[in-house]
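[1] coords below, sequence missing:
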């Protein structure tokens, strides 16, 4: 049976190949048949008379006709240009090219449509500096009417919370835990808050319910801090109770792992609330303790919170010590690591930096090191300088980010733009040297200089993570398709002809006549050669009306 299917498949493939191969010759045969039909019907169609009338009509045309013709052509090509630009801006390719490949190419030699290269998977990371929904994201929604969080971003957060706060053994926990499991699975804020309140009513010591209320119900940072501290207190008590009991079953172990996650999350949130309230010393102390007690939690990037707090405190030496530990080849990089390292290298040389003097004397050793660090950071994420230089507006950062993408650049710039401004001359230094990085990166980005080449699909992932009102920064820029450039040139050409014909009708009319004669010359030469080669009787038969 399998052999019969293989034979049938091979037969169909062969038949398809021969049909597609024959299309080219069928088109040639069709063209010859059309030409023979026109010659055979030349007398009934009165081709000679119509051609003579066409020549008389062309000679009697006024310049107004040419103005109308070129003006109409420019309008039509302008409309096509607008559609081409819109389609390219939305889909990244040419509308005319896509239509040609879809509908025309299959009829010309059986050309296969080019397959799009498979996009490498873009890993999305939890933003270590994400804001508090209730008192920050939702306030923005109330004031502007625009949501700072995309639906995709909120779904990812819901999935993270389920993994972090839900027991990994079914049936573990009480009724409050069941209500919270349902709350973490939904995205609707009102339903989440309602289920959390029900969970607290069922069990006042439900730590995850206090965490959710701190995230989405608190209207201010101090109020959110109270909720997080309450959840942290309950989780600590549960951990102490677990340690005091010698043996445990699987459900108890699952709840214990959940309580540890709540403890880490709540302490980090408390530290972030202290940072927002200006209590830097307490924030730094809690963050250091977290890193020391839970070194395996490095995947949460708690050290980035510590770097930001130390930069706010202007403790640059301590930041350098952290970077020495985390800016390692074996550890994943981030914009915080790369740009913080660049800022520390720039700080000693930027205050007395003058571009004119540097161009004359050249870079010193310290300035050269600072430029190398800056170019390393820009190669890792080229979107950041536009936000630091205020060339693009900084919006509220998403809850998830794509490393080396626009989402990471926004998340970094939202907090760290102030740290760059605190260093005199750093912005001027950045503006002077950041664009030179792109001269070092090979084009078309088949490999990087210091990092791996940029993965495909970053633009699509950033568009899903970031809100609709934000204009996503794209690097590398896509090249304009041929038909878009051709349509733009055609529009400008026809518009120029229309204006010249309107202002100089006599000159343009004479120019059009000369151009027509010039283009007709090759056909007249071909006819003369055919008349010389063919016998007179055959030529008379072909040209007889």
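    Good, I have the coordinates. If you're wondering where the values come from, they're calculated on a predicted model, not measured in any experiment.
[2] every contact and neighbour count from this point should use C-alpha atoms.
    Fine.
[3] which elements pack onto the stretch of helix or strand residue 336 belongs to?
    Taking DSSP states H and E as the criterion, residue 336 maps to helix 335-350. Contact here means 3 or more C-alpha pairs under 8 Å, 6 or more residues apart in numbering; DSSP states H and E; on that basis helix 335-350 packs against helix 316-326, helix 365-380, helix 406-421, helix 426-433.
[4] please redo it, this time with the cut-off set to 7 Å
    Judged by 3 or more C-alpha pairs under 7 Å, 6 or more residues apart in numbering; DSSP states H and E, the packing partners of helix 335-350 are helix 365-380, helix 426-433.
[5] and these, which is most packed in?
    Here the criterion is mean neighbour count by mean count of other C-alpha atoms under 10 Å, and of the helices and strands packed on helix 335-350 the winner is helix 365-380, at a mean of 21.
[6] quick check: next helix or strand after it?
    Next along the chain from helix 365-380, counting by DSSP H and E, comes helix 384-388.
[7] by contact count, what packs against that following helix?
    helix 406-421.
[8] what residues of the helix it packs on count as buried?
    Under the neighbour-count criterion of 16 or more other C-alpha atoms under 10 Å, helix 406-421 has 406-414, 416-417, 419-420 buried.
[9] how many neighbours does residue 262 have?
    23 (other C-alpha atoms under 10 Å).
[10] whoops, residue 70 was the one
    23.
[11] let me know whether it touches residue 494 as I believe.
    Yes: counting by C-alpha atoms under 7 Å, residue 70 touches residue 494, with 5.5 Å between them.
[12] follow-up on the earlier one: tell me which of the helices and strands packed on helix 335-350 lies nearest to residue 274.
    helix 426-433 (27.7 Å; C-alpha to C-alpha).
[13] list the helices and strands the next helix or strand after that closest one packs on?
    Using DSSP H and E, the helix or strand that follows helix 426-433 in sequence is helix 458-465. Helices and strands touching helix 458-465, by 3+ C-alpha pairs under 7 Å, 6+ apart, are helix 151-165.
[14] secondary structure element for residue 204, which one?
    Per DSSP H and E, there is no helix or strand for residue 204.
[15] again, but for the one 5 residues further on
    Secondary structure assigned from DSSP H and E places residue 209 in helix 207-216.
[16] okay, the angle between the helix or strand following that helix and helix 207-216?
    Using DSSP H and E, the helix or strand that follows helix 207-216 in sequence is helix 221-244. Helix 221-244 runs at 160 degrees relative to helix 207-216, counting by axes from the mean of the first three to the mean of the last three C-alpha atoms, to 10 degrees.
[17] any residues touching helix 221-244, and which ones?
    By C-alpha atoms under 7 Å, 6 or more residues apart in numbering, the surrounding residues in contact with helix 221-244 are 135, 205, 207-208, 210-211, 213-215, 218, 256, 259, 262-263, 266-267, 269-270, 273.
[18] next one: stretch 380-399
    By C-alpha under 7 Å, 6+ apart, stretch 380-399 touches 126-127, 130, 148-149, 153, 335, 404-407, 409-411, 413-414, 417, 427, 451, 465-466, 473.
[19] tell me the pLDDT of residue 115.
    Note on residue 115: pLDDT of 47.
[20] same question but for residue 28, I mixed them up
    The predicted local confidence for residue 28 is 72.
[21] out of the helices and strands packed on helix 335-350, flag the one nearest residue 457.
    Of all these, helix 365-380 comes closest under C-alpha to C-alpha, at 16.2 Å.
[22] next up, the contacts around the residue nearest the centre of the chain.
    When C-alpha atoms, centre = their mean is applied to the chain, the residue found nearest the centroid is residue 459 (1.6 Å). Neighbouring residues of residue 459 by C-alpha under 7 Å, 6+ apart: residue 474.
[23] also residue 488?
    residue 81.
[24] name the element it belongs to?
    Going by DSSP H and E, residue 488 is part of helix 482-503.
[25] with residue 193 instead?
    Applying DSSP H and E, one finds residue 193 within helix 189-202.
[26] for that helix, list every residue counted as buried.
    Those buried within helix 189-202 under the rule 16+ other C-alpha under 10 Å are 192-193, 195-200.
[27] state the distance from the nearest residue to residue 256 once chain neighbours are set aside to residue 209.
    Leaving aside its sequence neighbours, residue 256 sits nearest to residue 239 (C-alpha to C-alpha, 6 or more residues apart in numbering; 6.5 Å). As judged by C-alpha to C-alpha, to the nearest Å, residue 239 and residue 209 stand 17 Å apart.
[28] neighbour count for these two, which is higher?
    residue 209 (30 against 17).
[29] what about residue 68, how many neighbours?
    Count around residue 68 with other C-alpha under 10 Å applied: 14.
[30] how about it, what does it touch?
    Counting by C-alpha under 7 Å, 6+ apart, residue 68 has no contacts.
[31] who are the packing partners of the helix holding residue 209?
    helix 189-202, helix 221-244.
[32] redo that, cut-off 8 Å
    Checked by 3+ C-alpha pairs under 8 Å, 6+ apart, helix 207-216 has helix 189-202, helix 221-244, helix 250-276 packed alongside it.
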